[in-house]
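In: for reference, the sequence and a predicted model appear below.
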Amino acid sequence: MMNKGQANINNQGYKYLQLIEFADLGNWSLYSLSAQNFSYNKIHTLTKIGSFLTRIKNSIKIIDNIVYKRPTIQMNGKGINLRDEVIGKSIGTKNQFLVRKAQFLLSKIDARNGAFGVVPEDLDQCIITGNFWTFDVDYSVLDPFYLSLLARTKKFQNLCQNASVGTTNRNYLQQNLFLNFQIPLPLLEKQKELVAIYNQKNLEAETKEQKANQLEKSIDEYFIEELGIELPEVAQNQDGFLKFIEFRDLGRWDIFAENIGTRIIKKSKYPLTRLKDTYLFPNRGWNKKQHNSKTFNYIEMGGIDPLMGIVDFKEINVLEAPSRATQIIKNGDLIIGKTRPYLKKFAIADISFEGFIASSAFSIIENSKSYNLLFLKEFLTSPLGVEILKNDMTGGLYPAITEDSLRKIQIPLPPLEVQNQIVDKISSIKEEIKILRSEAETLKIKAKEEFEKEVFN
């Protein structure tokens, strides 16, 4: 180990050597040595974690007839929540530890992944096993929320990784290493200021997200209103009472016989049409033997996002084509996922997906000047449309709607001009939602970046 007088060796061409003073050496591991190279804003004092955190072991014997709260610590410093409430006789490990509000809690296994947090008031006197550590905090020098924010940063999580020893999946935090690490600790007043700035930006982000959620809800309300439908108040079913269904509303002889969605759309001011009577279902079968290249682009259910549309596909060798690769997609097609239709795996393909091959798990409706496929997509993804699709599902583990049942589904069909007006309005609202959510995400990123810039180099 070299002393200060030898520290200029790095200036003589030995750029790969890292010199650490003996006084700063707390452990003979490479991780520990590298952790000392912790960059931070020099205006703040580096302080040992152990100077403001004190390990507490408040042991408790679990009693069978008492109900206990158990916490869960989220990764990336996202806080502590209630995991469950369990009666003592159901708890296998009878020797546990009691936790109090405002203490600092961490998982010694997942500390390197940011599993830290300040215990909230509603989890006062919850219990933990020995895999969790509890610390009293010296709040005269530390704002707990500052520590929580610091714990979310990658630099702090790297410190915990450096203080952890063991195999990849069982990498335990070492208490002495952890408590001897130094972190930048501004004055208490400055800590509170940094926390307030961070919270303000996140509050603004939350406000935008709430507005986006309200707008999203307004789309469904607007859509139903434009169809001239008044949603009935749904009464709660009471077990033990007979329930009567009118014969005209009976579509099938099982417990799903009452299709609430179908009954509601009959109140629309527009005529009903079966999909097969209005929309074009093309027969574009794909034959791999006639494919003119060695590979093809394949779209399956996992490649569809309910909001973003087609987000992923696979390039597959024709010789390895799955049996479900059966249909050719054209520009403007609406593809409808038939397996678990309540997942809303529906998308309209643009020109970039022309000629791609789709799984047989989809139905395809092609574009036409006589109708607006965006209107149909909006209807099918609305709560009313999903209810209608769900009613016609069959199957156990993978409930799906058959091609024949899908074609027979009825929907209210306004004139094309009205369809276009509805779609334009909804598109405008969705664009506003997209902007709000983008602004919210930008604010959260900015809050994080500004905090880290203030604390670290």
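Out: That came through, no problem. This one's a predicted model, so the numbers in the text were calculated from it and none came from an experiment. Residues are numbered from 1 along each chain as shown.
In: use CA for all of it now, contacts and neighbours both
Out: OK.
In: what helix or strand is the residue nearest to A151 when sequence neighbours are not counted on?
Out: In space, A151 comes closest to G77 once its chain neighbours are excluded; the distance is 5.4 Å by Cα to Cα, 6 or more residues apart in numbering. According to DSSP states H and E, G77 maps onto no helix or strand at all.
In: now the element after the lowest-mean-pLDDT helix or strand in the chain, going C-ward?
Out: Ranking every helix and strand in the chain by mean pLDDT, DSSP states H and E puts helix 30-35 at the bottom, with a mean of 44. Downstream of helix 30-35, the first helix or strand assigned by DSSP H and E is strand 45-48.
In: just the buried residues of the following helix or strand past that next one, please?
Out: Next helix or strand after strand 45-48 toward the C-terminus (DSSP H and E): strand 53-56. Across strand 53-56, burial judged by 16 or more other Cα atoms under 10 Å covers L53, T54, R55.
In: pLDDT on strand 53-56, on average?
Out: Across strand 53-56, the average pLDDT comes to 93.
In: give the contact list for the closest residue to K192 other than its chain neighbours.
Out: In space, and not counting its chain neighbours, K192 is closest to D143: 6.6 Å by Cα to Cα, 6+ apart. By Cα atoms under 8 Å, 6 or more residues apart in numbering, the residues touching D143 are L188, Q191, K192.
In: per-residue confidence for D143?
Out: 89.
In: and it, what are its phi and psi?
Out: phi -90, psi 120 (degrees, to the nearest 10).
In: most surrounded residue in the contacts of D143?
Out: Most neighbours among the contacts of D143, by other Cα atoms under 10 Å: Q191, with 19 neighbours.
In: gap between it and K330?
Out: 57 Å (Cα to Cα, to the nearest Å).
In: check K48 too.
Out: Taking Cα to Cα, one finds K48 at 63 Å from K330.
In: comparing the two, which shows the higher neighbour count?
Out: Taking neighbours as other Cα under 10 Å, K48 and K330 compare with K330 leading, 22 against 16.
In: the more buried one contacts S352, correct?
Out: No: look at K330 against S352 with Cα atoms under 8 Å: they stay out of range, at 9.4 Å.
In: hang on, the earlier thing: look up how far Q103 lies from the residue nearest to K192.
Out: According to Cα to Cα, D143 and Q103 sit 12 Å apart.
In: do the same with L406
Out: Using Cα to Cα, L406 is found at 56 Å from Q103.
In: the more surrounded of those two?
Out: Neighbour count, other Cα under 10 Å: between L406 and Q103, Q103 has more, with 22 against 19.
In: show the contacting residues for that one.
Out: Contacts of Q103 by Cα under 8 Å, 6+ apart are V118, V119, T134, F135, D136, V137.
In: just the residues you listed now: which is nearest K266?
Out: Using Cα to Cα, V119 is the member of those that lies nearest K266, at 53.4 Å.
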